[in-house]
Structure formats: structure tokens, C-alpha cells
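>>> sequence-free structure coming up:
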């Protein structure tokens with residue numbers, strides 16, 4: 001696969017004596033955009049699989065200002081030439097499988113943009129479990145607007161569900177708090193291997209709170225032992241149900257106006273059969289859109305100077321004293337890059353989707369891919385080639 005990279009100043013990526021030589025700054029001639037006949041707002045998971053691969057990869061260390069709210073700059077750290085050339089070469093060789101995009105924001109500016117295969121600047125990309133992360137971000141917006149308060153996180157979820165018949169629910173359901181759900185510790189268990197199938201069947205038969213009534217009746221009793229961490233889609237659905245209730249049954253409209261609208265994101269977001277937006281997976285956002293949201297998390301909930309997300313909630317997300325793990329639908333991690341430890345938090349989705357925030361480096365990196373199981377490969381590309389540019 002070819003790589004088109006044209007510099008506005010000296011020029012370009014070329015072969016000299018068989019070696020790849022890179023002259024900066026790189027700025028490709030034209031950003032890859034969707035064919036005009038494709039509506040990006042209707043581009044779900046299945047439709048994305050039908051997209052044609054880009055005829056050539058796009059890389060720029062001086063991204064274009066698209067007037068979309070992202071300030072742009074130039075990536076000119078020592079070693080940038082070699083790092084970008086190595087990233088391109090490794091991707092061309094298939095080291096990262098089906099990598100679609102990598103974008104890097106540093107100190108207030110988008111400074112690197114890379115697209116390949118199904119990576120289009122204006123195309124929403126499926127996010128898989130970053131949908132959970134965006135559900136958490138939507139909650140942060142609701143708290144900022146006063147629809148919920150921070151102390152509501154420690155209240156039982158059923159206290160927000162007036163239609164639940166408490167006389168029929170299993171013991172312990174009334175102990176499940178929002179924070180339990182945000183830590184994947186609701187304790188909702190079905191006692192057999194067919195729980196996912198049962199949930200899907202019930203979702204098709206029962207709407208909104210009636211669906212959760214069924215879950216609360218069918219779960220095994222909730223105990224301190226059952227409220228151990230278990231990664232699942234039910235817990236973020238509890239959060240989305242409460243958001244739907246707090247917005248008068250209009251969670252979908254709230255996402256449109258108060259999340260995607262405020263950040264200026266082109267997106268699509270599918271619904272569950274039970275009538276609320278999907279939360280385990282189902283959101284599709286552009287890579288630039290994810291960068292914007294990642295910068296707001298890094299900057300205490302602010303975007304373009306406006307406090308869009310609750311500062312107190314974002315502080316909880318960013319708090320390092322929680323240790324490593326999964327909190328508020330963000331992964332707290334430490335990795336080696338390439339021989340030094342780096343701490344960061346990420347929304348992560350199957351197939352290789354990343355919205356990663358590196359607080360110590362004041363850095364946000366987004367990656368998308370359509371890999372088969374190889375979820376870690378885009379992160380490997382980031383840690384191997386880009387993060388070392390910012391390490392002392």
C-alpha cells in the first residue's frame with residue numbers, strides 16, 4: 001500500500017539508496033474523506049465493513065485546521081522523522097493488522113494525524129466498549145447540568161427507578177449503587193452460561209424499566225461476594241436507564257445535543273431493543289471527535305474554555321489513588337514504552353479502539369482499527385513509536 005505524504009516546505013517521503021527518508025513537516029495533499037454518496041450519520045458497524053480501503057495511507061505531522069474546534073500544530077520533537085517513518089513502515093508490513101487511524105494531541109494542539117484502510121477523517125468508526133466510556137462521559141455531562149449530583153453515585157439505582165416493584169426483586173438488589181455499576185460491581189448474576197441470551201430475549205420483550213424489573217427478579221441474590229468485579233454490558237445499561245429517566249425518556253436526544261452536539265462530533269449510536277441507547281457497544285464516533293472528548297477529560301472537563309463535564313466527576317476518573325483497574329468505564333494502566341513505565345487511562349474497545357490519556361505528558365492519543373481479536377496492536381504502535389518522543 002502506498003503512502004502519500006507531501007510537505008509544504010522542502011518535500012517528502014522518498015526512497016534514497018533503498019532507505020526510507022523523511023523530511024518534515026509532513027502534510028498530505030488531501031485528507032481522506034468518505035465518498036459523497038455515503039451518509040456518515042448512517043454508518044454503523046455493518047456498513048463500515050463495506051467501506052473501500054483507502055488507496056494510500058495518509059500521514060501528517062502538521063494537521064489541517066478544519067474549523068472543527070481542534071487547534072492544530074506541528075509535531076517536531078527530536079526523532080519525529082524516524083518515529084513516523086518506522087510507524088508507517090511497520091503498518092505497511094502488517095505489524096498492527098488492520099490499523100485505521102492514529103491521532104495525537106499535545107499541549108492544546110492536534111499535531112499528528114494518520115489514516116489508512118477504513119480510516120476517513122469524516123467517518124464515524126465503531127468503538128465497541130468505548131461506548132461504555134462515552135456512557136460515563138454522558139453521565140458527567142448530566143451531573144454538570146444538575147440532572148444528577150455527585151452524592152447520587154452512592155445511592156441505590158432503584159431509587160431512581162419509580163416503576164420498579166420492590167416486592168418482587170431479589171434480595172440485595174436495593175444495595176446496588178451507581179458507583180457499583182460504574183465499577184462493574186453491581187453483582188447482577190444469572191446463575192448459568194445463558195445470561196447474555198436471556199438478557200437479549202428480555203430486552204426484545206420488555207421496555208425500559210420493565211426490562212430492568214425482569215433482570216432484578218431473575219438475578220441471583222446480591223451479596224457482598226457477588227459484588228465482585230465482572231466486566232459486562234448490564235452495568236452501563238443501569239447508568240443509561242437512569243440518564244433516560246432524568247432526561248424525561250430522551251437519553252438519545254440528550255446524547256445528540258449535550259454530548260455530540262457540544263463537542264461537534266459526527267456520530268451514530270444504536271439503540272437497545274428495550275428502548276435505551278446501547279451502552280456495551282454500539283456508538284460510532286470520528287477519531288477527531290474522540291480526541292476532543294479525551295482532551296476534555298485531561299483538562300478537568302473543559303472544552304474550548306467551557307466546563308462541559310462535571311469537574312468533580314472527571315477528578316474521580318483521573319484520580320491515581322484508585323490503583324490499576326477499570327473505574328468509571330476507563331482502564332487505568334501502566335505499560336512499558338519502550339523501556340520506561342508510563343501511566344495512562346483509556347477507553348478501550350474490541351478490534352483495537354483506543355482513547356488514551358497520558359496525564360503526565362499532557363497528551364491524548366486516539367487509535368481505531370478493525371482487527372480480529374488483536375486489540376492491543378494499535379496501543380503497541382502508540383507505545384513503540386509515539387510515546388518515546390515525549391519521554392526524557
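Arrived safely. The shown structure was predicted, so the numbers you read here are calculated from the model rather than taken from an experiment.
>>> From now on I want contacts and neighbour counts done on CA atoms only, so please keep to that.
OK.
>>> So, low pLDDT: which residues of the stretch 251-392 of the chain?
Along the stretch 251-392 of the chain, the model assigns pLDDT under 70 to residues 392.
>>> quick one: the strands in it?
Taking DSSP state E, counting those that start in this stretch as the test, the strands found in the stretch 251-392 of the chain are 267-269, 283-285, 302-303, 306-307, 325-327, 330-336, 341-349, 353-358, 363-369.
>>> Redo those strands as CSV? Include mean neighbour count and distance to residue 205.
Converted to CSV, the strands of the stretch 251-392 of the chain look like this (neighbours: other CA atoms under 10 Å; distance: least, CA to CA, whole Å):
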stretch, mean neighbour count, distance to residue 205
strand 267-269, 22, 21
strand 283-285, 26, 23
strand 302-303, 20, 40
strand 306-307, 13, 40
strand 325-327, 18, 31
strand 330-336, 17, 31
strand 341-349, 21, 28
strand 353-358, 26, 32
strand 363-369, 28, 34
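>>> Using TSV, lay out those strands together with distance to residue 152.
Formatted as TSV, the strands of the stretch 251-392 of the chain follow (distance: least, CA to CA, whole Å):
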stretch	distance to residue 152
strand 267-269	26
strand 283-285	26
strand 302-303	22
strand 306-307	20
strand 325-327	17
strand 330-336	20
strand 341-349	23
strand 353-358	26
strand 363-369	30
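>>> Could you double-check that residue 300 sits in contact with residue 308?
No - using CA atoms under 8 Å, residue 300 makes no contact with residue 308, being 9.4 Å away.
>>> hang on, the earlier thing: relative to residue 166, which of the strands of the stretch 251-392 of the chain is closest?
Nearest to residue 166 among the strands of the stretch 251-392 of the chain is strand 325-327; the distance by CA to CA comes to 28.2 Å.
>>> From the contact counts, what lies against the closest one?
For strand 325-327, the elements it packs on are strand 330-336, judged by 3 or more CA pairs under 8 Å, 6 or more residues apart in numbering; DSSP states H and E.
>>> and the strand it packs on with strand 353-358, angle?
70 degrees (axes from the mean of the first three to the mean of the last three CA atoms, to 10 degrees).
>>> quick one: strands adjacent to strand 330-336?
Using DSSP bridges, strand 330-336 pairs in its sheet with strand 325-327 (antiparallel), strand 341-349 (antiparallel).
>>> wait, which of the ones you listed is closest to residue 131?
strand 341-349 (8.0 Å).
>>> Show residues contacting that closest one.
Residues from elsewhere that reach strand 341-349 (CA atoms under 8 Å, 6 or more residues apart in numbering): 127-131, 133, 318, 329-336, 353-360, 375.
>>> again, 7 Å this time
127-130, 133, 330-336, 354-359 (CA atoms under 7 Å, 6 or more residues apart in numbering).
>>> again, but for stretch 139-159
Contacts for stretch 139-159 (CA under 7 Å, 6+ apart): 164, 174, 175, 176, 177, 178, 179, 246, 308, 309, 310, 313.
>>> hang on, isn't the fourth one packed against residue 186?
Put plainly, it is residue 176. Yes - assessed by CA atoms under 7 Å, residue 176 is found in contact with residue 186 at 5.5 Å.
>>> what about these two, which has more around it?
Taking neighbours as other CA atoms under 10 Å, residue 176 and residue 186 compare with residue 186 leading, 29 against 24.
>>> any idea of the pLDDT on the spatially most central residue of the chain?
In the chain, the residue lying closest to the centroid (CA atoms, centre = their mean) is residue 130, at 3.5 Å. Residue 130 carries a pLDDT score of 98 in this model.
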